[in-house]
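Asker: sequence and predicted model, in that order:
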Amino acid sequence: MTNQSDPDAASASAANPLHDPQFVEDLRRRMVRFATLQLSDPSLAEDAVQEAFIGALRGSGSFAGRAAYRSWVFGILRHKIADQLRTQTRYAAAPVEDAEPDPVPEGFFEPDGHWTKEAAPADWGDPHASLQDDQFWRVFEACLDHLPGQQARLFMMREFVELESPEICRAVGISTSNLNVSLHRARLRLRGCLEQHWFDEEEASP
Amino acid sequence: MMNCREATQKMSEELERPLTLGEQTSLKVHLVVCPPCRSFRQQAAFLRESMRAYARTPGDAERDPSQ
């Protein structure tokens, strides 16, 4: 299915990312997964992804490469999902199942509420240089992928789709305090994952 | 006295709504004596910043490093 040994195909796909079926399929799969998680409706998700690709076609000649294309098409999808979720507030939202959304992260705190020795955040110094590091983004993505379902969904709604808290509560049908609990847990997990797999490693290897 | 679990909860909520004066005071008092929670606060802000950057340029090996 892939054509990686063919230099012509390689240069063609460098020029136009849509000429690389593997790239398109990977991207599409990632988008469908994300849209399905956000919308809790596979057919709405497929539609949104379809529309995002169609929307992106209009500008596909002007992309510097895959990264630019990927940002562009994901950006369109993000807006479609935001619009869809905002509309969803008018209907009875997806089934409410947030009484105890995800397990309380274990090992973060002692019973008295203080950090456990393993989980206590270290000083990352100035982490901003990592934003320029491609390897950092791979770790970041992997850490996002490891968030439990409902936490991932709400955290991405808040920080990636960039809905405001009240919009999320309306769209999903949860209380503010439940949302806050999930966001707290997601932040604990995500920073823990980044520390373990990135900021600690960095220190370990000079 | 606020413990670390409560303090991190407040620091997470701080990204969602303005804390009340009472909450701000309790949090400040805790942070004075708790370096790990001070790190958490910086890191929670960094997470938000990273997510915004990620939303605009999802991780990709072909990103232009000059940007």
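Answerer: On my side now, so go ahead.
Asker: can we go C-alpha only for contacts and neighbour counts from here?
Answerer: OK.
Asker: so which bits of chain A are right by chain B?
Answerer: Contact residues, chain A versus chain B (Cα under 8 Å from any Cα of the partner chain): A:65-68, A:70-71, A:74-75, A:109, A:112-115, A:120-124, A:127, A:131-135, A:137-138, A:141, A:159-161, A:164-165, A:180-181, A:183-184, A:187, A:191.
Asker: restricted to helices, list these.
Answerer: A:66-68, A:70-71, A:74-75, A:134-135, A:137-138, A:141, A:159, A:165, A:180-181, A:183-184, A:187, A:191 (DSSP state H).
Asker: for ChimeraX, what selects the buried ones among those residues?
Answerer: Buried residues within these, by 16 or more other Cα atoms under 10 Å in any protein chain shown, are selected in ChimeraX with:
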select /A:66,67,68,70,71,74,75,134,137,159,165,180,181,183,184,187,191
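Asker: do you know how far A:Asp145 is from A:Gly75?
Answerer: Distance of A:Asp145 to A:Gly75, computed by Cα to Cα, to the nearest Å: 19 Å.
Asker: quick one, what contacts A:Glu159?
Answerer: B:Arg48, B:Met51, B:Arg52 (Cα atoms under 8 Å, 6 or more residues apart in numbering or on different chains).
Asker: so which elements touch the helix or strand containing the last one?
Answerer: It stands for B:Arg52. Following DSSP states H and E, one finds B:Arg52 within helix B:35-56. Identification of packing neighbours for helix B:35-56 by 3 or more Cα pairs under 8 Å, 6 or more residues apart in numbering or on different chains; DSSP states H and E yields helix A:66-88, helix A:149-159, helix A:176-194, helix B:4-13.
Asker: out of those, nearest to A:Ser40?
Answerer: A:Ser40 lies closest to helix A:149-159 among these, at 9.4 Å (Cα to Cα).
Asker: turn the helices and strands packed on helix B:35-56 into a markdown table, including distance to A:Pro42.
Answerer: Shown next, in a markdown table, are the helices and strands packed on helix B:35-56 (distance: least, Cα to Cα, whole Å):
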| stretch | distance to A:Pro42 |
| --- | --- |
| helix A:66-88 | 13 |
| helix A:149-159 | 14 |
| helix A:176-194 | 23 |
| helix B:4-13 | 31 |
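Asker: which among those is found nearest to B:Gln24?
Answerer: helix B:4-13 (8.7 Å).
Asker: does chain A have contacts with that closest one?
Answerer: Yes. Helix B:4-13 is in contact with chain A by Cα under 8 Å from any Cα, via B:Cys4, B:Arg5, B:Glu6, B:Thr8, B:Gln9, B:Ser12, B:Glu13.
Asker: closest to A:Ser175 out of those residues?
Answerer: So of these, ranked by how close each gets to A:Ser175 (Cα to Cα), first place is B:Glu13, at 13.7 Å.
Asker: can you report how many residues lie near the closest one?
Answerer: Neighbour count of B:Glu13, defined by other Cα atoms under 10 Å in any protein chain shown: 18.
Asker: same question, B:Met1
Answerer: Other residues within reach of B:Met1, judged by other Cα under 10 Å, total 9.
Asker: just the element for it, please.
Answerer: Secondary structure (DSSP H and E) places B:Met1 outside all helices and strands.
Asker: alright, calling it a day.
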